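Asks: task: produce atomic coordinates for the following.
(one chain, ligands or ions: 2)
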Amino acid sequence: MALLDILEFPDPRLRTKAKAVKNVNDGIRTLVDDMLETMYEAPGIGLAATQVNVHQRVVVIDVSEEKNQPLVLINPTYEVIEGEQEYDEGCLSVPGYYETVSRSEKILLKATDRDGNTFEMQCDELLAICVQHEIDHLNGILFVDHISKLKRERIKAKLVKAHKAELKSRR
Ligand code: GNR
Ligand code: NI
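Replies: Residues are numbered from 1 along each chain as shown. Ligands and ions are numbered 1, 2, ... in the order given. A predicted model of the protein is given here:
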């Protein structure tokens, strides 16, 4: 098991479109285990491989209170069922910032699990939000792309400044 480094906005690597996983092999299962450890340690309710600079379509999610219901999504896709919901979203790649984003309320998720078996699952509430947020990451999209340009540019400037200060303090 290993903790992975999480890329932060505006790192251009977060804009990479991830490639489909062809075979769910032990390499993918090791990545999944490391991503789960990294997500729980952060702590976060989801993590996309893009965020740890691995550009394959792999996502882990756990929206449970007890943090004991890990979901592994390989090559996830979804279809909108109905509705819209707003939520104050955050992101481990945009640390410290929260903005209201509108997403589909109910979706049908289709994905492959860690054993290579496909499954479908209807999702709503926070799970539906998280699935849409994570699949966005696999396509190089961040929650700040769903807010105004003014807000996005403000957050970018503050994070760039914070990253510079962090670099300085380390030398
Ligand atoms: O931990 C996270 N919380 C969260 C809150 C509202 C909407 C989405 C999320 S996902 C985020 C972890 C993360 O950045 N996943 O990509
Ligand atoms: Ni995120």
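
Asks: list the buried residues in stretch 118-129.
Replies: 123, 127-129 (16 or more other CB atoms under 10 Å). C-betas here are computed from N, CA, C, even on glycine.

Asks: which non-adjacent residue is nearest Pro10?
Replies: Nearest residue to Pro10 in three dimensions, chain neighbours excluded: Lys156, at 5.1 Å (CB to CB, 6 or more residues apart in numbering).

Asks: quick check: Glu134 is in a helix.
Replies: Yes. The assignment for Glu134 is a helix, going by DSSP: H, G, I helix; E, B strand; the rest coil.

Asks: ligand 1 contacts on this protein?
Replies: 44-48, 51, 87, 89-93, 129-130, 133-134, 137 (CB under 6 Å from any ligand atom).

Asks: in strands, which of those residues appear?
Replies: Residues of the residues of the chain next to ligand 1 located in strands (DSSP state E): 46-48, 87, 89.

Asks: any idea which of these has the most stuff around it?
Replies: With neighbours taken as other CB atoms under 10 Å, the top of those is Ala48, carrying 29 neighbours.
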